[in-house]
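A.B. asks: Provide a 3D model corresponding to the input given below.
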Amino acid sequence: MSVAEHPPDDTGTGFERTPPHDIMAEQSVLGGMLLSKEAITQVVEIVRSTDFYRPAHQTVFDVAVDLFSRGEPVDAISVNAELTKRGEIARVGGAPYLHTLTEAIPTAANAGYYARIVADRAVLRRLVEVGTRIAQIGYSGDGEVDDLVDHAQAEIHRVADKRSGEDYLPLSDIMPGALDEIEAISSHDGSMTGVPTGFTDFDQLSNGLHPGQMVIIAARPAVGKALALDTPLPTPHGWTTMGGVAVGDELVAADGTPTRVVAATGVMRRRPCYELEFADGTAVVADAQHQWPTLRAGSGGRVHGLATTGEIAAELEHAP
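C.D. replies: Predicted coordinates for the structure are as follows:
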């Protein structure tokens, strides 16, 4: 047998094999996203559109995430309308296929588990692609051996980097913009440079909202975010309760404008609560650790401060 002759590939390792993927897992992930907003928040932390094997699934994923980020409903109807508007509905199999996706998942609660399957298959596909490139490097032999080995190692590390996340950029790419922003901040006179939120203390800290920023306002547990489950909350269309609020719902903000709920903690039970009555006659039941802005008598007159519901109740209990 000459060098140019090769026996047929009976080992099952030829390149004609289908790359690793799991269509049922991909369908279950998308079906969960179309059924539950909570599933979307789980899935987007695990997979990207490029992790899906079928291009149609990549398209559906991108549209669902886009609708979710805009605060719009995400279901088979809304995704179908958005795909139709973009002229891509035929590419994904039409409206019937979107309903097939919702029927493919046993329960939307498992969407995160299925997403990990999709992500793992995507890593295996990249590993196969890298293996092919490394084989080509070895066969070509163009360059110094040490350089070829370094190149091959870099290819493997790139797969690991994509597994851990694809949101990283080289420092050299982001530093120029960051330095420009720092210089701009240091040169202004302290006046408002962004869009004011209406919360004076926050605006003084941030100088308003600026393009490209993601501002997260949060607090650790038990510092004053809890209200009783039956506390009434106004919405643009009526009333709801604290226990009925879910991510994506709209409530009426303090200034009367609609605001969307972007996060909600679990229900806390077996915690001491008190009923507070305000000067205008309204009353509310709040957790003992809920903090309230107060105006109290001090050595230099009345001073503003914060007090928990429990502290207020204790002061009233011992008041003369």
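
A.B. asks: how about residue 238, phi and psi?
C.D. replies: Here is the backbone geometry of residue 238 (degrees, to the nearest 10): phi 150, psi -140.

A.B. asks: average pLDDT for stretch 53-61?
C.D. replies: In this model, stretch 53-61 carries a mean pLDDT of 93.

A.B. asks: wait, I meant stretch 179-190
C.D. replies: The model assigns stretch 179-190 a mean pLDDT of 73.

A.B. asks: tally of neighbours for the closest residue in space to residue 234 that isn't next to it in sequence?
C.D. replies: The shortest distance from residue 234 to any non-neighbouring residue, by CB to CB, 6 or more residues apart in numbering, is to residue 252 (4.1 Å). Backbone N, C-alpha and C define where each C-beta goes, glycine included. Residue 252: 15 surrounding residues under other CB atoms under 10 Å.

A.B. asks: relative to residue 203, how far out is residue 252?
C.D. replies: Per CB to CB, to the nearest Å, residue 252 is found 21 Å from residue 203.

A.B. asks: quick one on the thing from earlier: need the contact list for the residue nearest to residue 234.
C.D. replies: 233-236, 258-259 (CB atoms under 8 Å, 6 or more residues apart in numbering).

A.B. asks: ok, now with 7 Å
C.D. replies: 234-236, 258 (CB atoms under 7 Å, 6 or more residues apart in numbering).

A.B. asks: pull up the per-residue confidence for it.
C.D. replies: pLDDT at residue 252 comes out at 83.

A.B. asks: likewise the one 10 residues further on?
C.D. replies: What the model reports as pLDDT for residue 262 is 78.

A.B. asks: with adjacent residues omitted, what lies nearest to it?
C.D. replies: Distances taken as CB to CB, 6+ apart place residue 247 nearest to residue 262, at 6.5 Å, with adjacent residues excluded.

A.B. asks: surely the one you found and residue 260 touch.
C.D. replies: No. Taking CB atoms under 7 Å as the definition, residue 247 is not a contact partner of residue 260, at 8.7 Å.

A.B. asks: about what we covered before: distance of the residue nearest to residue 234 from residue 264?
C.D. replies: The value you get for residue 252 to residue 264, if CB to CB is used, is 17 Å.

A.B. asks: please flag which of the contacts of residue 252 sit within helices.
C.D. replies: Per DSSP state H, helices hold no members of the contacts of residue 252.

A.B. asks: and those residues, which is closest to residue 83?
C.D. replies: residue 258 (27.1 Å; CB to CB).

A.B. asks: need the contact list for the closest one.
C.D. replies: 236, 250, 252.

A.B. asks: pLDDT wise, what is it at?
C.D. replies: Turning to residue 258, the model gives it a pLDDT of 85.

A.B. asks: for residue 49, see how far away it is.
C.D. replies: 30 Å.

A.B. asks: go on, residue 305?
C.D. replies: Noted for residue 305: a distance of 49 Å to residue 49, by CB to CB.

A.B. asks: those two: which has the busier surroundings?
C.D. replies: Per other CB under 10 Å, whichever of residue 305 and residue 49 has more neighbours is residue 49, with 15 against 11.

A.B. asks: show me the helices in this structure, by range?
C.D. replies: 23-35, 37-43, 55-69, 76-86, 94-104, 111-140, 145-164, 171-187, 200-206, 309-317.

A.B. asks: among these, which comes closest to residue 243?
C.D. replies: With CB to CB as the measure, helix 37-43 is the member of these nearest residue 243 (16.3 Å).

A.B. asks: name the residues that touch the closest one?
C.D. replies: Helix 37-43 is contacted from outside by 29, 32-33, 64, 68, 74, 108, 111-112, 115, 247-248, using CB under 7 Å, 6+ apart.

A.B. asks: swap in 10 Å and give it another go.
C.D. replies: 28-34, 36, 61, 64-65, 67-69, 73-75, 105, 107-116, 118-119, 246-249, 262-264 (CB atoms under 10 Å, 6 or more residues apart in numbering).

A.B. asks: correct me, but residue 286 touches residue 275?
C.D. replies: Yes. Here residue 286 lies in contact with residue 275, judged by CB atoms under 10 Å, at a distance of 8.1 Å.
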